[in-house]
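> need coordinates for the below:
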Amino acid sequence: MNKDISKDYIPKVVSIFSGCGGLDLGFHLEGYETVWANDFSEWAVKSFREKFGDVIVHGDITQINPYTDKSIPDPDLILGGFPCQDFSVIWKQPGLNGKRGGLYRHFLEFVDSKKPKAFIAENVKGLLTANKKQAIETIMKDFESIAPGYVVKVHLYNFAEYGVPQFRERVLIVGVRVDTGYNFIHPKPTHGPNTQKPYVTAGEALKGVEEVPLNNEHINSAEKTRRMLDLISEGGNFTDIPKDHPLYVKGMISHVYRRIKLDEPAKTIIAAGGGGTWGYHYPEPRALTNRERARLQSFPDNFEFIGSVAEARRQIGNAVPPEGVRSVARRLKPLFTGEYERIDLYATLDQLSKMTIKERLDLATEEMI
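Numbering: from 1, shown residues only. Here you go, the predicted structure:
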């Protein structure tokens, strides 16, 4: 145990692919501080800056060299959600061969240049199967090969199981530098079946939301949309519309005209899309406001999303739910305060390197505490 570090030490974070700051906020709420950040979206950067101050750089990460840029501090932890479109199960999963998939390598460069004690990368569920599972295998091996080495543990989180009023599955890749000797273990779910706390429901999350002034504009819905919603039950979607009804639509995916169910978490909030994809209120026949969407993403009411209604929607839908990562932030905290018993992570890394990807994913789940 390291006696030289105070238990009150504030871990310093460098954040890339930061978006509006959902991932950063989860860690800030647990006593971390972001000291440098970057994102390509002008409006997301403005929202981030509004909440966290002038620590974020607006620009193309491919034009930033972490090896030579002296303005980037040396952090304790690097966070980021590298672009996920090429890994999403919705598309054809070009993965590492896709234009965006390769952007993860810039995350790799930040870790290699700064050698933080730990890093966390967030991505969509489809990352686990992209390129016939070669994408996740390559990513893990690349991070583990960064000298002096990182023990990488990957787990698929459903954030509803960690206090978010939304069923939202995302992959968290957590790497810990081997010379720290810190045995990171993914935290067990805190909410839902077989836990001490029930899920936080959409109904609970939206109580009193009409009183919040920020980002709470109602969307103008066509009369046709309102009539369609009147045909859709609580928690239902477009498939509730009778096939012989004049308003029946076909060939759509499940989140189209989907209404919330008040006594359970909402389905996944998405960032963009055409008609019918906003997510819809119940019992009122209307689209959710951005503040309602933000509540379902576990953002506090004082978090302002800068930009148009459509731009705020994009930021909210792309964000990591801050409440969902607080357990991970707490689990990592001893690494930075020195309050832990060291183990031989070099031996751990050697053992993990001999296992298949499936065995490693299963082990990360089995050892959860």
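
> need the contact partners of stretch 278-291.
By Cβ atoms under 8 Å, 6 or more residues apart in numbering, the residues outside stretch 278-291 that reach it are 209, 212, 214-219, 221, 225-226, 229-230, 232, 234-235, 255, 257-262, 266-267, 269-270, 292-293, 296, 301, 305, 309, 312-313, 316. For every residue, glycine as well, the C-beta is placed using N, CA and C.

> give the buried residues for that stretch.
Trp278, Gly279, Tyr280, His281, Tyr282, Pro285, Arg286, Ala287, Leu288, Thr289, Asn290, Arg291 (16 or more other Cβ atoms under 10 Å).

> over to stretch 304-313?
Across stretch 304-313, burial judged by 16+ other Cβ under 10 Å covers Glu304, Phe305, Ile306, Gly307, Glu311, Ala312, Arg313.

> host element of Lys153?
Using DSSP states H and E, Lys153 sits in strand 150-158.

> for the next helix or strand after that strand, the averaged confidence score.
Per DSSP H and E, strand 150-158 leads on to strand 169-177 as the next helix or strand towards the C-terminus. Strand 169-177 carries an average pLDDT of 97.

> before we move on, what about stretch 272-289?
In this model, stretch 272-289 has a mean pLDDT of 92.

> before we move on, what about stretch 188-203?
For stretch 188-203, the mean confidence score works out to 96.

> got it, and stretch 214-233?
For stretch 214-233, mean pLDDT is 94.

> most widely separated two among the buried residues of stretch 304-313?
Largest separation among these by Cβ to Cβ: Glu304 and Arg313, giving 14.1 Å.

> the helices in the chain, which residues?
In the chain, helices defined by DSSP state H lie at 22-28, 42-52, 104-114, 134-144, 202-205, 223-230, 290-296, 309-318, 326-337, 345-353, 357-366, listed in chain order.

> let me see the contact set for the most centrally placed residue in the chain.
Centroid check for the chain by Cα atoms, centre = their mean gives Val320 as the closest residue, at 2.9 Å. By Cβ under 8 Å, 6+ apart, the contact set of Val320 is Gly19, Gly22, Leu23, Gly26, Gly81, Glu122, Arg170.

> cool, Lys224 as well?
Contacts of Lys224 (Cβ under 8 Å, 6+ apart): Leu247.

> rerun at 6 Å
By Cβ atoms under 6 Å, 6 or more residues apart in numbering, the contact list for Lys224 is empty.

> name the residues that touch stretch 68-85?
Taking Cβ under 6 Å, 6+ apart as the rule, stretch 68-85 contacts 11-17, 23, 35-36, 66, 100, 103-104, 107, 110-111, 114, 116-124, 336.

> please apply the same query to stretch 246-260.
Contacts of stretch 246-260 (Cβ under 6 Å, 6+ apart): Ala202, Met228, Ile232, Gly236, Asn237, Phe238, Ile241, Ala266, Lys267, Gly276, Tyr280, Tyr282.

> please list only the buried members of these.
Ala202, Met228, Ile232, Gly236, Asn237, Phe238, Ile241, Ala266, Lys267, Gly276, Tyr280, Tyr282.

> can I get those in JSON lines with distance to Ile185?
Listed next are the buried ones among the contacts of stretch 246-260 as JSON lines, based on distance: Cβ to Cβ, whole Å:
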{"residue": "Ala202", "distance to Ile185": "31"}
{"residue": "Met228", "distance to Ile185": "47"}
{"residue": "Ile232", "distance to Ile185": "42"}
{"residue": "Gly236", "distance to Ile185": "39"}
{"residue": "Asn237", "distance to Ile185": "37"}
{"residue": "Phe238", "distance to Ile185": "42"}
{"residue": "Ile241", "distance to Ile185": "47"}
{"residue": "Ala266", "distance to Ile185": "29"}
{"residue": "Lys267", "distance to Ile185": "29"}
{"residue": "Gly276", "distance to Ile185": "41"}
{"residue": "Tyr280", "distance to Ile185": "39"}
{"residue": "Tyr282", "distance to Ile185": "39"}
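
> hmm, which two among those are most spread apart?
Ala202 and Ile241 (21.7 Å).
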